[in-house]
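Asks: What shape does this take:
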Amino acid sequence: MSSSLSEEQIVQMVKQLPLGRKREIAALIEQDLAEERRRRQALFRAALSRISKQTGKDWSQLTPEQQAQIILSHYRELVDSTDALQGIRWQVEPVVREAARQRGYDWDAMSEDERIAFFSEWIDD
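Replies: Predicted coordinates:
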């Protein structure tokens, strides 16, 4: 028999917690969501820069109107590229987590820079 709780059981348990504890949990969740937003924004900025270069322009030198035009003109490509990169991350991360665990690292305790360094070393092995 598994000792894991279902998501619904976890939600019910959280609902029963005192308000202060709920705030702590909400703060942890917000940190995770903020990190995810930063990653998505970085992917989007990288895609914008790449597309700008392909059109012979420097994103940072464009006016807001020119930037808007590139976004509108390349919307589907931008969405597809950021979704694809996110999808790849969700497929690869469990494998890299396991590789880190096997080498004695705690993936969750690692900073983003440490994770990138580990991934670079691991991919070179």
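Asks: For I70, give me its contacts.
Replies: Counting by C-beta atoms under 8 Å, 6 or more residues apart in numbering, I70 makes contact with L48, I51, S52, T55, K57, W59, L62. In short, each C-beta sits where N, CA and C put it, glycine included.
Asks: Out of the residues you listed, which end up buried?
Replies: Buried members of these, counted by 16 or more other C-beta atoms under 10 Å: L48, I51, S52, W59, L62.
Asks: Now the two most distant members of the residues you listed.
Replies: Comparing every pair within these by C-beta to C-beta identifies I51 and L62 as the most remote, at 11.2 Å.
Asks: sorry, back to before: mind putting the buried ones among the contacts of I70 into a markdown table with pLDDT, distance to D32 and secondary structure?
Replies: A markdown table is the format used below for these (pLDDT from 0 to 100; distance: C-beta to C-beta, whole Å; DSSP: H, G, I helix; E, B strand; the rest coil):
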| residue | pLDDT | distance to D32 | secondary structure |
| --- | --- | --- | --- |
| L48 | 83 | 25 | helix |
| I51 | 86 | 29 | helix |
| S52 | 88 | 31 | helix |
| W59 | 87 | 29 | helix |
| L62 | 87 | 33 | coil |
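Asks: Could you export these as CSV, including distance to Q12?
Replies: Conversion of those to CSV gives the following (distance: C-beta to C-beta, whole Å):
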residue, distance to Q12
L48, 43
I51, 46
S52, 49
W59, 47
L62, 50
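Asks: Is K57 in a helix, a strand, or coil?
Replies: coil (DSSP: H, G, I helix; E, B strand; the rest coil).
Asks: where does it land on pLDDT?
Replies: We have a pLDDT of 91 for K57.
Asks: Report the contact partners of it.
Replies: K57 makes contact with Q66, I70, according to C-beta under 8 Å, 6+ apart.
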